[in-house]
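>>> have a look at this prediction, sequence included:
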Amino acid sequence: MNTEIKLIDNGKRLDGRKPDELRKINIEVGVLHRAEGSCYLEWGGNKVIAAIYGPREAIPRHTQNPLRAIVNAKYNMAAFSVDERKRPGPDRRSREISKVISEALENVIQLEKYPRASIDVNIEVLDAEAGTRCAGLTAAAVALVDAGIPMKDIPVACAAGKIEDQVVLDLGKDEDNYGSADLPVAISPRTGEILLLQMDGHLTLEEFNKAFDLAIKGCHIISDIQKKAIMKKYQSDVEV
Amino acid sequence: MSQDKREIVIPSQLLGEIKQKKAGRGTFIENGKIYAEILGILNNDSNYINVIPLKGRYDPIEKDLVIGIVQEAMSSSWLVDINAAYPALLHVNEVPWDVDFGETERYLNNGDSVMAKVLQVDREKKLQITLKDYNLYKLKDGYILNVEPSKVPRIIGKKGSMISLLKKYTKCRIFVGQNGRIWVNGSDDGIKKVINTIKMIENESLSYGLTNKIEELLKKDAKDVH
């Protein structure tokens, strides 16, 4: 595409955001009836559904752990989620994301309560616009709470990156494609522990630190949105 | 009733210090502080801080009475779904009949329902149930409905007040399993009424004075019929 368009101009980005501004996030809890817990999340142009099944006995049996549960996250992009039709089914990218999300969630779920079990997390990306792994993890966390699974914390993810030599929060689609770096971070907001950290592109140490701090700031904002969404769903039950 | 509003807590919410109170169910301790680990309702009236779950699977406890659905008949045992995270094992020694090896299918088959007692839960959460107790048997007719396991105490009521109310006004036979399965048998109208009332109890399980409210409703219903 044309590289003449400036990704950031006069402190304003392509979609009119400030460098440290998030896209609009909307979370809905408990949207699926047959799942134990579920969540629908809209993050800018991203639309993601997360569904939790289990804890149930892990199958095949050799995957069982007699001391704790395993987390089986499955990230899948719908064929129609991107501009050019994506070939359906798991590919290298989605397998990687499934793995890192599983491992991030394993650190917050109280796995010892369900030996031999598996907790299945299905993340379906209906519409993609950069940052779907963060959106997926954030949605999965809310769905886990909705499923009543014991957890030490509600994880949350957010990305930062670099466009036109400037560090910005929450990259949009063009910023991701034509920018120079992307840094998704997932944390446990109560303790500040890092659950996921990946980097695509190049950042100097200074830029990295700046981007990292920015992403963590974004995580805390999103964490509040998550908690409000859960409360909104269940507060109404109490006031009947 | 002017009681404090029930407070909903979500995982990772700070509930108190370990010096002041003890950590009960649904909580965990980190650095001397007590946090909630599940979505639920806060209860800290006693010495303990408890979180009563709003959702989640049935957590089997020994001696609980449950309703199970047979999943598989093996040569000397059955696998029974009791709505827990794991299927429960029902061995031929734990049924009141004399079953020959390989003849299990003649007594209980895939899809049959039983009233059972949880016999054993071990550290690996391997479950065993038994039918060897009085009033435990195979369910032959009636209707089974599912509710959230955490709402079972509400449906039973204080000392069984709610359930006896239901039995009195609908003349149905009702058995509430601790795993959130409820068996109802009686006239068609009675079953319908029980199902509707239980759905209502489940939806409004968090409000106060529910037993009185349900009683009024059932009374009104009874008048309408005659």
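Yep, it's here.
>>> count the neighbours of the residue of chain A found nearest chain B for me.
Chain B sits closest to A:Gly148 of chain A, with a gap of 2.8 Å, by CB to the nearest CB. Just so you know, the C-beta spots here come from the backbone N, C-alpha and C atoms, and that holds for glycine as well. The tally of other residues near A:Gly148 (other CB atoms under 10 Å in any protein chain shown) stands at 23.
>>> give me the phi and psi for the residue nearest to it when sequence neighbours are not counted.
Closest residue in space to A:Gly148, ignoring its immediate chain neighbours: B:Gly56 at 2.8 Å, by CB to CB, 6 or more residues apart in numbering or on different chains. The phi and psi values for B:Gly56, taken as degrees, to the nearest 10, are phi 120, psi 170.
>>> equivalent analysis for B:Asn196, please.
For B:Asn196, the backbone dihedrals (degrees, to the nearest 10) come out as phi -60, psi -40.
>>> look up how far B:Pro60 lies from the residue of chain A closest to chain B.
Distance of A:Gly148 to B:Pro60, given as CB to CB, to the nearest Å: 15 Å.
>>> same check, this time on A:Gly11
Applying CB to CB to A:Gly11 and B:Pro60 gives a distance of 59 Å.
>>> re earlier: got a pLDDT number for the residue nearest to A:Gly148?
Looking at B:Gly56, its pLDDT is 86.
>>> my guess is it meets A:Val145, correct?
No. If you go by CB atoms under 8 Å, B:Gly56 and A:Val145 don't touch, sitting 10.6 Å apart.
>>> ok, these two, which is more surrounded?
A:Val145 (27 against 21).
>>> tell me the pLDDT of the more buried one.
So A:Val145 comes in at 96 (pLDDT).
>>> after the helix or strand where it lies, which helix or strand is next?
Assigned by DSSP states H and E, A:Val145 belongs to helix A:132-146. Note on helix A:132-146: by DSSP H and E, the next helix or strand toward the C-terminus is strand A:156-163.
>>> where does pLDDT dip in chain A?
Along chain A, the parts satisfying pLDDT under 70 run over A:1-4, A:237-240.
>>> all helices for it, in order.
For chain A, the helices defined by DSSP state H cover A:92-106, A:132-146, A:173-178, A:205-238.
>>> starting at the chain centroid, how far to the longest one?
Taking CA atoms, centre = their mean, to the nearest Å, the mean C-alpha location of helix A:205-238 is offset from the chain mean by 11 Å.
>>> check the shortest one too.
With CA atoms, centre = their mean as the basis, the distance from the averaged C-alpha position of helix A:173-178 to the chain average is 18 Å.
>>> with adjacent residues omitted, what lies nearest to B:Lys125?
Among residues not flanking B:Lys125 along the chain, A:Pro115 sits closest, at 5.3 Å (CB to CB, 6+ apart).
>>> is it true that that neighbour touches B:Glu124?
Yes. Contact status for A:Pro115 versus B:Glu124: in contact at 5.2 Å, counting by CB under 8 Å.
>>> list residues touching both of those two?
Listed as contacting both A:Pro115 and B:Glu124 by CB atoms under 8 Å, 6 or more residues apart in numbering or on different chains are A:Pro66.
>>> out of the two, which sits in the busier spot?
Using other CB under 10 Å as the criterion, A:Pro115 and B:Glu124 rank with A:Pro115 on top: 21 against 12.
>>> show me the contacts for the more buried one.
A:Asn65, A:Pro66, A:Leu67, A:Arg68, A:Ala69, B:Arg123, B:Glu124, B:Lys125 are the contacts of A:Pro115 under CB under 8 Å, 6+ apart.
>>> could I have the buried ones of the residues you listed as PyMOL selection syntax?
In PyMOL, this line selects whichever of the contacts of A:Pro115 come out buried by 16 or more other CB atoms under 10 Å in any protein chain shown:
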select buried, (chain A and resi 68+69) or (chain B and resi 125)
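>>> from the contacts of A:Pro115, pick the one nearest A:Trp43.
Comparing these against A:Trp43 with CB to CB places A:Ala69 closest, at 28.1 Å.
>>> A:Glu57 is in contact with the closest one, correct?
No. A:Ala69 lies out of contact with A:Glu57 (CB under 8 Å); the separation is 10.1 Å.
>>> what's the overlap in contacts for these two?
Residues touching both A:Ala69 and A:Glu57 (CB under 8 Å, 6+ apart) are A:Arg116, A:Ala117, A:Ser118.
>>> now, which of these lie within strands?
Using DSSP state E, the subset of the shared contacts of A:Ala69 and A:Glu57 located in strands is A:Ala117, A:Ser118.
>>> just the shared contacts of A:Ala69 and A:Glu57 that are near chain B?
Contacts with chain B within those, counted by CB under 8 Å from any CB of the partner chain: A:Arg116, A:Ala117.
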